[in-house]
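Participant: Task: produce atomic coordinates for the following.
(one chain, ligands or ions: 1)
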Amino acid sequence: MKYFIPTELSDDTIAHLNIPNKPIQVNVKRWSLSKADNCFNNVKFYTENNDGSLQFGWKFAILGNVIVRLIGHVVIRTPDLKLKCITPQTDNRTKILFSPDDNVKDLIIDNYLPGKHIPLVENDQVKSYAKLLDYTETLRVKYKVNSPQYKAELEQLNWLATASMPAVLRAAKQHTKMDESCYCGSKTPRNSCCN
Ligand SMILES: [Zn+2]
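Facilitator: This next block holds a predicted model:
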């Protein structure tokens, strides 16, 4: 089971997310100096040298159709108030789903934008798995990524994650209809994928 990046979110899903703005499609046009996974610095540097301002918000990934990962992201608000993403994205996609949210700015620690994991279903194991994923994100902030503490804690978290995976997979199957995108993250309908 792997994360997939949705091209749209249902109203039902959006209702779970507690985000102030409905997600919109934003064009991605890589700036020559942009680096992957470095949106904050990319946009900061770009706007120091070009017109436009920073727009904070969220992009999205989905796991097993049961958990949404909200990923802090920064794009450019152009002088004519359009949004433009200049950071290269997974699969070199040319559009991302983005929900503007100025509060994301307050979450930045050391130029790092955190993620949040929101369970979409009433299932205790899915909920605790989402908490585990949240905690893993905070570790990256708490420790330096190459420190022994980080590695030790991460190893333990990975062990816990592996242990809860069967339950999460069961929930994913239970909540994916046969004609919906497969819970594995392939984007093919379930009935012609894992079943
Ligand atoms: Zn599948």
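Participant: burial of the nearest residue to Arg93 once chain neighbours are set aside, as a residue count?
Facilitator: What sits nearest to Arg93 in space, not counting adjacent residues and going by CB to CB, 6 or more residues apart in numbering, is Val28, at 6.3 Å. For glycine as for every other residue, the C-beta is placed from the backbone atoms N, C-alpha and C. By the other CB atoms under 10 Å criterion, the neighbourhood of Val28 contains 18 residues.
Participant: close enough to count as contact, Val28 and Gln89?
Facilitator: Yes: if you go by CB atoms under 8 Å, Val28 and Gln89 touch, sitting 5.3 Å apart.
Participant: Quick check: which element contains Val75?
Facilitator: strand 67-77 (DSSP states H and E).
Participant: Show me what from the protein comes close to the ion.
Facilitator: For the chain, the residues in contact with the ion under the definition CB under 5 Å from the ion are 182, 184, 186, 193-194.
Participant: give me that answer again for 8 Å
Facilitator: When proximity is defined as CB under 8 Å from the ion, the chain approaches the ion at 182-186, 188, 190, 193-195.
Participant: what's the closest residue to Leu107 other than its chain neighbours in contact with, if anything?
Facilitator: Closest residue to Leu107 apart from its sequence neighbours, by CB to CB, 6+ apart: Pro114 at 5.3 Å. For Pro114, the contacting residues are 72, 107, 137-138, 141, by CB atoms under 8 Å, 6 or more residues apart in numbering.
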